[in-house]
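> Dropping the sequence and predicted coords here.
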Amino acid sequence: MDILSILGVLIGFSAIIGGNLMGGGELGSLINFHAFIIVVGGTLGATLLQFPPKVFLRSLRILSWIFVPQNLQLKKQIDKIVRWSSLARKEGLLGLESVIETEKDSFAKKGLQLLVDGNEPEVIRDCLEVELTTKEHLDIQAARVFEAMGGYAPTIGIIGAVIGLIHVMQNLAKPELLGSGIATAFVATIYGVGLANLLFIPIANKLKSLIFEASQAREMVIEGISSIAEGENPRNIELKLSGFLLEK
């Protein structure tokens, strides 16, 4: 659980709402269903138009990483690779066949299979790097979904403000309707700017950081399996892979 994400959301919205109340405002003045529909619906529509279904669905899947990041455990992964290396030196590469059946990580499993099949280190590295690059590209595109929402929301908020002012101008002869029109105008702007800066843009940037960490973990697996294929000493492999821990 990422406590900083939870604290960030709570502190951000509490500061806005608390500041309004301390200034003599009312909580009800920040609630406007019409403005909410305009900003959220407009932002969602523009975002759906920009991205293909595959990328949008991926963005929904990785959204949970904000509060529950992937459990990478680099140190345990290094220990596991060193054990694979020791086993390969004792029993040969075919000795790793039993490991493939029990390995849960599909990326590492693919690397081990390439290793057991007797492929050259360069071939193993190329195959795994293609998968790494493809997955990283898809995840970065998915993170940009929230970045795009952060760009659209303030603009849609301005559209909501203009719509509210149009209603005000149309009802100048009806003073009882002026209040709701003015409220929609200002609250729509708050919703657009607030959602962009308190949620969408921070989510996009945090996802990019988490995607980078996941890619680093996969690069470590590539380096470890390629080193086993090259016949490196387990001790040297451990020292080499420990360099990835400096990124944590």
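Okay, I see it.

> Please count neighbours and contacts with C-alpha atoms only from this point.
Noted.

> neighbours around L198, how many?
Applying the criterion other C-alpha atoms under 10 Å, we find 18 residues in the vicinity of L198.

> Could you do Q73 as well?
Q73 has 10 nearby residues by other C-alpha under 10 Å.

> ok, now how distant is it from I201?
Computed as C-alpha to C-alpha, to the nearest Å, the Q73 to I201 distance reads 27 Å.

> So which elements touch the helix or strand of the chain with the lowest mean pLDDT?
Ranked by mean pLDDT, DSSP states H and E, the weakest helix or strand in the chain is helix 175-195, scoring a mean of 81. Contact analysis of helix 175-195 by 3 or more C-alpha pairs under 8 Å, 6 or more residues apart in numbering; DSSP states H and E lists helix 33-50, helix 121-170 as its packing neighbours.

> buried sites along the first one?
Within helix 33-50, the residues that qualify as buried by neighbour count (16 or more other C-alpha atoms under 10 Å) are 34-36, 38-40, 42-44, 47.

> Also stretch 204-215?
Neighbour-count burial for stretch 204-215, with 16+ other C-alpha under 10 Å as criterion, is recorded at 204, 207-208, 210-211, 213-215.

> Now stretch 56-73: average pLDDT?
pLDDT averaged over stretch 56-73 equals 90, rounded to a whole number.

> quick one on the thing from earlier: which of the buried residues of stretch 204-215 fall in strands?
Among the buried residues of stretch 204-215, DSSP state E puts none in strands.

> So for L63, which of the helices and strands packed on helix 175-195 sits nearest?
Relative to L63, the nearest member of those by C-alpha to C-alpha is helix 121-170, separated by 8.6 Å.

> just the angle between that closest one and helix 33-50, please?
Between the direction of helix 121-170 and that of helix 33-50, the angle (axes from the mean of the first three to the mean of the last three C-alpha atoms, to 10 degrees) works out to 140 degrees.

> Now do helix 121-170: distance to the chain's middle.
In terms of C-alpha atoms, centre = their mean, to the nearest Å, the centre of helix 121-170 is set 11 Å apart from its chain centre.

> ditto for stretch 52-59
Average the C-alpha atoms of stretch 52-59, do the same for its chain, and the two points are 12 Å apart (C-alpha atoms, centre = their mean).

> Buried residues in that stretch, which are they?
Here stretch 52-59 shows 55-56, 58-59 as buried, counting by 16+ other C-alpha under 10 Å.

> how about that stretch as PDB, C-alpha atoms only?
This file holds the C-alpha atoms of stretch 52-59, laid out as PDB (Å, rounded to 0.1, in the frame of the first residue of the first chain):
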ATOM      1  CA  PRO A  52      -7.400   3.300 -28.900                       C
ATOM      2  CA  PRO A  53      -9.400   0.900 -26.700                       C
ATOM      3  CA  LYS A  54      -6.300  -1.200 -25.900                       C
ATOM      4  CA  VAL A  55      -4.500   1.700 -24.400                       C
ATOM      5  CA  PHE A  56      -7.500   3.000 -22.500                       C
ATOM      6  CA  LEU A  57      -8.300  -0.400 -21.000                       C
ATOM      7  CA  ARG A  58      -4.600  -0.800 -20.000                       C
ATOM      8  CA  SER A  59      -4.800   2.600 -18.200                       C
END
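
> quick one: contacts of the least confident helix or strand of the chain?
29-32, 34-36, 38-39, 150, 153-158, 160-168, 171-172 (C-alpha atoms under 8 Å, 6 or more residues apart in numbering).
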